[in-house]
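Participant: structure for the following, please:
(chains A, B, C and D)
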2 protein chains.
Amino acid sequence: MAEQVRTGKVTIRDIAASAGVSVATVSRVLNGRPDVKAATRELVLDTIRSHNFSTNRSARGLAGGKTNLVGITLPNLHAEYFALILSGAAETLYDQDVRAVVCPTLHQADREVSLLDRLMHGTTDGSLIVLPESRPELRVLARRHYPFVVVDPKEPLPAGMPGVSAAHFSGARDVMDHLICLGHRRIAAITGPSSWVASIERLHGYQAALAAYGIIAPPEWLVEGNFQIEGGYHAAQVLLALPQRPTAIFAFNDNMAVGALQAIRERGLRVPEDISLVGFDDAQSASLISPPLTTVRQPLIEMGRHAATLLLRLLDGQPAEGLRVHLATQLIVRASTAPPPAED
Amino acid sequence: MAEQVRTGKVTIRDIAASAGVSVATVSRVLNGRPDVKAATRELVLDTIRSHNFSTNRSARGLAGGKTNLVGITLPNLHAEYFALILSGAAETLYDQDVRAVVCPTLHQADREVSLLDRLMHGTTDGSLIVLPESRPELRVLARRHYPFVVVDPKEPLPAGMPGVSAAHFSGARDVMDHLICLGHRRIAAITGPSSWVASIERLHGYQAALAAYGIIAPPEWLVEGNFQIEGGYHAAQVLLALPQRPTAIFAFNDNMAVGALQAIRERGLRVPEDISLVGFDDAQSASLISPPLTTVRQPLIEMGRHAATLLLRLLDGQPAEGLRVHLATQLIVRASTAPPPAED
DNA sequence: GTGTTTTCCGATAACGGTACCGGTTACTGG
DNA sequence: CCAGTAACCGGTACCGTTATCGGAAAACAC
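Facilitator: Below is the predicted model of the structure:
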């Protein structure tokens, strides 16, 4: 009750002295160990409260060998995609009283490397790595038994490396099924950077569907974008200038679909009457633009949550075997797709 | 060159031994102290590299009294608004080799309190607090000389408390000027939660402009929203049902404007021909919807950057006096505003 | 009443750095 | 040539916890 509002310098020793026990006992109480008499525990707890003490994390980290900190590395924070993953992860970790330190790498590989390097060294207990591109460095981490889980990793992930991913392949195939069922045959795609795992997987889905229906796609139906709006815009311009204009465009994310929509409009064409348009991600924008975009919902927040849970389990000493989560995606049909215009 | 890929257990003592110097010297090199001969420094640096050693943060924190960690507390991460602020802040901090630990409070006040409490205690060197609502607890932090800066704080901030804010007031007034110049007189507003600082400030700007033009606003022109899309939707429904329908609606953020747009459409009205619509924030969605939304751009990333810089300066021991940043906003006129329809 | 467990708790050595205090050298200037 | 000063560097006491070990007291068995 002493209202000891000191400068925040109360240590475990002060508590011990004030409660008339040893520091060891205080530590035991702090860590919820069972071998403390109930009465003593209460006493200690009371003194802790009255001194409003809380344990120094650095010291605990040094002594106990763990920091209660995990790193979350991701390319950036302002993109909706990453922000959502982060959101799910950080909140889950927070609930378990584990702090998350964010490390935006801005796609600079050197940063990532030096980062991972120091991540392991007493800085964090483990990491959650959102790495849309595949990086061999991960092997090193794994070899040193540093606990981490990869979000959206290259498939197949080396054995024993935990990760959570979305069903890019089947998501893309769903899109194609949808378009083909509507009657489309000339379906172009605006892909993402070819180094991105998501991009590659979606491409496979696209191609698999075409193959399944026996459609032979000329190479010019494939244009690489950059997952940004203007990348989609330019890619669409290329596609629309084709002698045999495609009747549908599958943009590998919603951003690029937005850009494509713009290009289509500028050319005086209508969506979906003249040309169908599909995105991927189900970003906020997808439902806001007009026409609302047919797209594939990815459970990003869920992915973050799962990744965090996996990591937590890993930190708990459980083996990494089988810690692989593959989340389903869902085709969201909105107004941007329709049967192709009748052939003239 | 030994390629010492050990389990990550290299300590400063190993380096010292291997380089044939004392731990003190290694520590000096690590901290960039000037009193080390250049040759020795190189030698140490080399050994550090070859052992790929990096300093244990916990130990450093414990010994040196600082953690190189700052906390960033904010309501959540998935809202674009907060994600952008975080983005600016985290990246700036990262560049200065300070790590950011994110603490999503999810608006739970108890969380915030207990959080701030433990934030101070050896966990972080300082904090960046994104607090759209005003909280008296901040006083306590300040009294204990814990370094922190508040983003979007209640104005006026108690003396000596550093903070960065946007020009909500003048931003709102700009909107009103714009609308009034177009000829609007019946201008309704969809406000945010009345506890939010941003909401209050914007409201003042709204009222100030009306007063300046001698317009008397009946209370029913003011409906409270929640800064979410559906809040805007419902608020707009109320406004549109008014006997004297307003000719313009000023939604206090873009989300609500999107909702309002929906409500307006459902009622068979056109924007901007029948009714003008303005938002606030310049969120991504503002430029994507049709018609593109007239809104007020807030420099959110900039705000994060500035806040981080301020905090860094604070940690550097510089006094908090004058550490107040007030960033200008900018009216972005797009297609959602036009002169009011001719009176019938 | 004597062994044998349990239960509970205290003493103390780590943990991996930093910072202070001093001690060597190597230069100065007179 | 020597005192004085500066530049460098080593020794070591911390920092605040946790973990280990062992001892005292209490509970139990016989």
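Participant: who touches the strand or helix carrying residue A:287?
Facilitator: Per DSSP states H and E, residue A:287 falls inside helix A:284-288. Residues outside helix A:284-288 that contact it (Cβ atoms under 8 Å, 6 or more residues apart in numbering or on different chains): A:80, A:254-255, A:257-258, A:279, A:292-293, A:295, A:332, A:334, B:80, B:258, B:284-285, B:288-289. (Glycine included, C-beta is placed from N, CA and C.)
Participant: mind checking the SS state of residue A:129?
Facilitator: Secondary structure assignment for residue A:129 (DSSP: H, G, I helix; E, B strand; the rest coil): strand.
Participant: list the contacts of it.
Facilitator: By Cβ under 8 Å, 6+ apart, residue A:129 lies in contact with A:72-74, A:116, A:138, A:148-151.
Participant: so what's it bridging to?
Facilitator: residue A:73, residue A:150 (DSSP bridges).
Participant: number of nearby residues for the residue of the stretch 201-344 of chain A found nearest DNA strand C?
Facilitator: With Cβ to the nearest atom of the strand as the measure, residue A:315 is the residue of the stretch 201-344 of chain A nearest to DNA strand C, at 18.1 Å. Using other Cβ atoms under 10 Å in any protein chain shown, residue A:315 has 16 neighbouring residues.
Participant: wait, it sits on residue A:147?
Facilitator: Yes: assessed by Cβ atoms under 8 Å, residue A:315 is found in contact with residue A:147 at 5.7 Å.
Participant: got any residues that touch both of the two?
Facilitator: Common neighbours of residue A:315 and residue A:147 (criterion: Cβ under 8 Å, 6+ apart): A:125-126.
Participant: and chain A, which residues reach DNA strand C?
Facilitator: Those residues of chain A that sit near DNA strand C, judged by Cβ under 7 Å from any atom of the strand, are A:20-25, A:28, A:34-41, A:59, A:62-63, A:65, A:122.
Participant: list buried residues within these.
Facilitator: Buried by 16 or more other Cβ atoms under 10 Å in any protein chain shown: A:21, A:25, A:28, A:36, A:40-41, A:59, A:62, A:122, out of the residues of chain A next to DNA strand C.
Participant: can you lay out those as a markdown table showing pLDDT and secondary structure?
Facilitator: Formatted as a markdown table, those follow (pLDDT from 0 to 100; DSSP: H, G, I helix; E, B strand; the rest coil):
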| residue | pLDDT | secondary structure |
| --- | --- | --- |
| A:21 | 94 | coil |
| A:25 | 95 | helix |
| A:28 | 94 | helix |
| A:36 | 92 | coil |
| A:40 | 93 | helix |
| A:41 | 94 | helix |
| A:59 | 91 | helix |
| A:62 | 89 | helix |
| A:122 | 61 | coil |
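Participant: in a markdown table, list the residues you listed along with distance to chain B.
Facilitator: Output for these, formatted as a markdown table (distance: Cβ to the nearest Cβ, whole Å):
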| residue | distance to chain B |
| --- | --- |
| A:21 | 21 |
| A:25 | 20 |
| A:28 | 20 |
| A:36 | 22 |
| A:40 | 23 |
| A:41 | 21 |
| A:59 | 5 |
| A:62 | 4 |
| A:122 | 3 |
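Participant: among those, which two are most distant?
Facilitator: A:40 and A:122 (32.8 Å; Cβ to Cβ).
Participant: which residues sit against stretch A:306-325?
Facilitator: Applying Cβ under 8 Å, 6+ apart, the contact partners of stretch A:306-325 are A:66, A:70, A:85, A:88-90, A:92-93, A:96, A:98, A:125-128, A:147-149, A:151, A:157, A:160-165, A:303, A:327.
Participant: show residues contacting stretch A:165-179.
Facilitator: A:151-153, A:155, A:187, A:197-198, A:201-206, A:208-210, A:248, A:250, A:252, A:276, A:278, A:280, A:294, A:296, A:298-299, A:303, A:325-329, A:331, A:333, A:337.
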